[in-house]
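# Kindly return the folded structure for what I paste below:
(2 chains)
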Amino acid sequence: MPIGIDLGSRFVKIVQTSDFKEFKKIRLDTVQFLTQRVKAGSEKTKHALILADLGLRPEKSLVVTGYGKHLMGEKIKAITEIRAHFRGACFQTGLKDFILVEMGGQDSKVLWVQDKKVMDFQTNDKCAAGTGRYLENMARLLNINIRKLSRKIEEPVQINNTCAIFGETEIIGFLMDQVPLERICAGINDSVSRRVIQMIRRYLPFPLVLCGGVALNKGVVTLLSRRYGQPIIIPEEPQFNGAIGCCLEGVSMEKIYESSKKGQSQQPRNLGLLKGKAEGLTKDS
Amino acid sequence: MKNLEPLLEEKAKSIGITSTIPVEVLFAAGRVPVDLNNIFITSPQAAAWVEEAEEEGFPRTLCSWIKGIYAALKHRPEIQTVIAVTQGDCSNTQALTEILVHQGIKVIHFNYPYNRDPALFKKNLEELMGHFGVSWSKVDRIRKRISPVRKKLALLDRETWKGNRVHGWENHLFLVNSSDFKGDLGLYEEELTQFLDALADRAKIPETVRLGYIGIPPIHSGFYGFIEQLGGRVVFNEIQRQFSLPGFGNNLIQQYLDYTYPYDIFGRIKDIGQAVEERKLDGLIHYTQTFCFRQVQDLLIRKQLSVPILTLEGDKPRPIDNRTRFRLEAFIDVLRK
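Numbering: from 1, shown residues only, chains lettered A, B, ... in the order given. Below you'll find the predicted structure:
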């Protein structure tokens, strides 16, 4: 029963599976996890205590990834997020050629996978624009619920700055100009989708797979598919993709693809295809 | 044409070079070639040297190697003559030479014809020979003297990717130094021979990921060691290998026409592609220098080679930064089977 943990900046995602068909999933707030759980126990027993606390039996095959991957102790196998998401996405989608965009709490990654190999990847780790944190901050700035923000897609205003802080300044400007709140929200979602397009254009025309918490934002997904002109593939478990990838550590690529074909539950969902609406936005806008 | 005047009367024997040139000419003339890039990058003060050049007015938005070469000359006042490659390297070198001329340093330009025209290359080479008053027979004699050293370097390279007994760093160091043979061919050959002799006692180096390093030599330090810590190993150093003139050729002209670095990118891509196949490389690391025109060529390398490529960028001479470490770690991690 392998356990995979993705210790992200916003949430800690834990997955346990016995057959790669059913997954036990746990999601915890990272700050709470760090302040309430990680401190307990010695270096040797820390991970066992944490897992027991969560109702999981400590396993030998425990693999960790994410921002805080080394916090579980030196003896626990840690892999990079790029590897974890690559393997998770291969398994979840069954695709051999694709572009994977993983939009997490405070960074986003783009992987170009061709013939089951990561040919190239990019990360943005210097600015939070285009990440979950950016969307959360914007919702807070506008004093609205993030779910409400994520539903807005019509007539997006254009937010030019790729900087999270200057983006806020621009929004204040729109508010002063009395631009409707819906359009500003749509503009925020659109600015995230625009940023994704900028990062993936060089790898076109492969299928686009979106993972991470931001994949749950329907506005971003819809606007992204409009710009992309193709369906965006959202795996069954976008937020747990990295943790699933950790569970797969030690499994050969051939097995990963075999399992992904067998498991009906791992069929990817296609969301957000809005044919005929793409003409409203130019590729570069 | 002031530059054409023979320089035989010159007292100083050391001749600075800004890039690899037909070094046979200098040895034939009894001069000591000094690759200024190597002086710069091996200086413990390399970072401070770049700042010195910036304080004198060199733009911050300029390749650090140019500033490093400039500063290296300031710290090596005995070098009063420089051979500058102003075609086949970068245009920043041209501006650098103008500063050097203004400061009283003798500059001899050497040009690799972009179209690889043998007649034009011969003309440029003979012009260089004319500067130093050496004949073809002298140059050919030196070529024959250097030839076994180049063959030993090819052996060292083979021991890196086939024998798997040489670390990426060692391969880099010997090959990168072959641009000037550290100014002393005999001593260099001795070191190389000793190194090769000692390999017999070495065990094969285990590695999980075989990497090729392409692009100019890194300005970062700690690069090769970090890769090996992660379970990877560089078994191909593209440009460094080119510095050793691995094409051999039937004559000096052919040898330098086979040298890929100063000509178009397509020759380099062909050379890299062959290495990927032959050396069974899992991935390539393309090092680019901040503000260098070669960053544009990254696009073509990626389009023409179907192998995973990680592009790194370095600006100032310093140990590899955390971001580069993170990217290397992720790259090697995804290449693991």
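
# For chain A, which residues score under the pLDDT cut-off?
Scanning chain A for pLDDT under 70 picks out A:39-45, A:125-128, A:161-162, A:261-285.

# Run through the residues of it sitting next to chain B.
A:79-83, A:86, A:114, A:117-121, A:123, A:125, A:252-253 (CB under 8 Å from any CB of the partner chain). Every C-beta, even on glycine, is put in place using the N, C-alpha and C of the backbone.

# For PyMOL, write the selection for the buried entries among the residues you listed.
The PyMOL selection below is limited to those of those classed as buried (16 or more other CB atoms under 10 Å in any protein chain shown):
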select buried, chain A and resi 79+80+81+82+83+86+114+117+118+119+120+121+123+253
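
# Of the residues of chain A next to chain B, which belong to helices?
If you go by DSSP state H, these have A:81-83, A:86, A:253 in helices.

# quick one, strands of chain A?
A:3-7, A:11-17, A:23-29, A:62-65, A:77-78, A:98-103, A:108-114, A:117-124, A:208-211, A:232-234, A:269-271 (DSSP state E).

# residues touching residue A:13, list them.
A:5-6, A:25-27, A:239-240, A:242-243 (CB atoms under 8 Å, 6 or more residues apart in numbering or on different chains).

# and it, what are its bridge partners?
residue A:6, residue A:27 (DSSP bridges).

# Give the closest residue to residue B:193 in space, chain neighbours not counted.
Nearest residue to residue B:193, sequence neighbours excluded (CB to CB, 6 or more residues apart in numbering or on different chains): residue B:152, at 6.7 Å.

# again, but for residue B:300
Here the residue nearest residue B:300, using CB to CB, 6+ apart, is residue B:265, at 5.5 Å.

# how much space between the one you found and residue B:294?
8 Å (CB to CB, to the nearest Å).

# Count the neighbours of residue 172 for me.
I'll assume chain A. Using other CB atoms under 10 Å in any protein chain shown, residue A:172 has 10 neighbouring residues.

# nope, chain B please
Neighbour count of residue B:172, defined by other CB under 10 Å: 22.

# How about residues contacting the one helix or strand it maps to?
Using DSSP states H and E, the element containing residue B:172 is helix B:168-176. The contact list for helix B:168-176 (CB under 8 Å, 6+ apart) reads B:38, B:153, B:156-157, B:160, B:192, B:195, B:211, B:213, B:217, B:224-225, B:227-228, B:233-235, B:237, B:240-241, B:243-244.

# Strands - which of those land there?
Using DSSP E, the subset of the contacts of helix B:168-176 located in strands is B:211, B:213, B:233-235, B:237.

# of all those residues, which two lie farthest apart?
B:233 and B:237 (11.5 Å; CB to CB).

# Between those two, which has more neighbouring residues?
Neighbours were counted for residue B:233 and for residue B:237 using other CB under 10 Å; residue B:237 has more, 28 against 24.

# The closest residue to chain A within the stretch 101-250 of chain B and residue A:111: what is the separation?
Going by CB to the nearest CB, chain A is nearest to residue B:230 of the stretch 101-250 of chain B, at 10.0 Å. According to CB to CB, residue B:230 and residue A:111 sit 19 Å apart.

# So those two - more neighbours on which side?
Legend: neighbour count by other CB under 10 Å for residue B:230 and residue A:111, higher for residue A:111 (27 against 19).

# and the more buried one, bridged to which residues?
residue A:100, residue A:121.

# List the contacts of residue B:84.
Taking CB under 8 Å, 6+ apart, we find residue B:84 in contact with B:17-18, B:93-94, B:96-97, B:100, B:107-110.

# if I've got this straight, it is in a strand?
Yes. Secondary structure of residue B:84 (DSSP: H, G, I helix; E, B strand; the rest coil): part of a strand.

# Quickly list what it is bridged to.
Beta-bridge partners, per DSSP bridges, of residue B:84: residue B:109.
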